[in-house]
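Q: generate coordinates for the sequence data below:
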Amino acid sequence: MTAFFIYSTGRCATQWLARFFAQNLGKRAVVEHEPAGVDWSARRALRHPNLGELRRRMPDVDRHLDRIAETVASGRIYVQTGWPAFSWFPYLASFFGEQFRWVHLVRHPLYVAGSMTTHRYYAAARRDALAGHALIEPGGPRAALRGLAGRRRGPGELER
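A: Predicted coordinates for the structure are as follows:
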């Protein structure tokens with residue numbers, strides 16, 4: 001069978017897609033939304049020269065990939081939705097070979113930012129793992145254009 005990875009920039013209805021596929025594929029598939037979550041360590045993976053070696057140092061990712069391989073080998077479809085696994089694309093393509101399929105969803109960035117605001121990603125009080133891994137804090141040491149972090153604008157006010 002096939003391993004489908006549906007990547008997104010975040011806030012692109014991947015939870016809804018997971019429910020849709022689960023309902024419509026039934027027992028023929030294992031459908032998951034961000035099952036390994038931030039354990040994929042996207043930043044670390046993007047910088048690592050050998051993802052196969054990195055996989056073996058990350059037991060949660062290693063077990064997860066073994067489970068996906070077992071699912072596909074058993075004749076079932078595997079579908080994973082969400083953003084965290086995107087940095088593993090080259091490894092997944094080589095690991096699953098012809099059984100690997102992917103889709104990349106893109107949503108207008110203003111709607112993504114609006115959705116993230118609604119979910120309080122930018123709130124100072126939010127310091128959970130998701131916010132910590134999904135975003136680079138404005139003004140933080142790794143952020144580009146750090147000088148913009150302190151600027152506040154009113155509704156409709158544009159940069160000139």
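Q: give me the below-cutoff pLDDT ranges for the chain.
A: When residues are selected by pLDDT under 70, those of the chain lie in 122, 124-160.
Q: what about the strands in it?
A: In order along the chain, the chain carries the following strands (DSSP state E): 3-8, 29-33, 77-81, 100-105.
Q: quick check, central residue of this protein?
A: In the chain, the residue lying closest to the centroid (CA atoms, centre = their mean) is W83, at 1.5 Å.
Q: dump the strands of the chain into CSV; add distance to A123 as well.
A: (Each C-beta comes from the backbone N, C-alpha and C, glycine too.) Rendered in CSV, the data for these read as follows (distance: least, CB to CB, whole Å):
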stretch, distance to A123
strand 3-8, 22
strand 29-33, 23
strand 77-81, 25
strand 100-105, 25
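Q: which one of those strands lies closest to R47?
A: Proximity to R47, assessed across the strands of the chain by CB to CB, is greatest for strand 3-8 (18.6 Å).
Q: who are the packing partners of the closest one?
A: Of the remaining helices and strands, those touching strand 3-8 by 3 or more CB pairs under 8 Å, 6 or more residues apart in numbering; DSSP states H and E are helix 14-25, helix 59-73, strand 77-81, helix 89-96, strand 100-105.
Q: those: which one's closest to P49?
A: So among those, helix 89-96 is nearest, using CB to CB, at 11.0 Å.
Q: show the contacting residues for the residue nearest to the centre of the chain.
A: 7-10, 14, 34, 134 (CB atoms under 8 Å, 6 or more residues apart in numbering).
Q: can I get those residues in a markdown table including distance to V72?
A: Below are those laid out as a markdown table (distance: CB to CB, whole Å):
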| residue | distance to V72 |
| --- | --- |
| Y7 | 18 |
| S8 | 22 |
| T9 | 26 |
| G10 | 26 |
| T14 | 20 |
| E34 | 19 |
| A134 | 28 |
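Q: of those, which is the most crowded?
A: Neighbour counts for the contacts of W83 were taken using other CB atoms under 10 Å; the highest belongs to Y7, with 22 neighbours.
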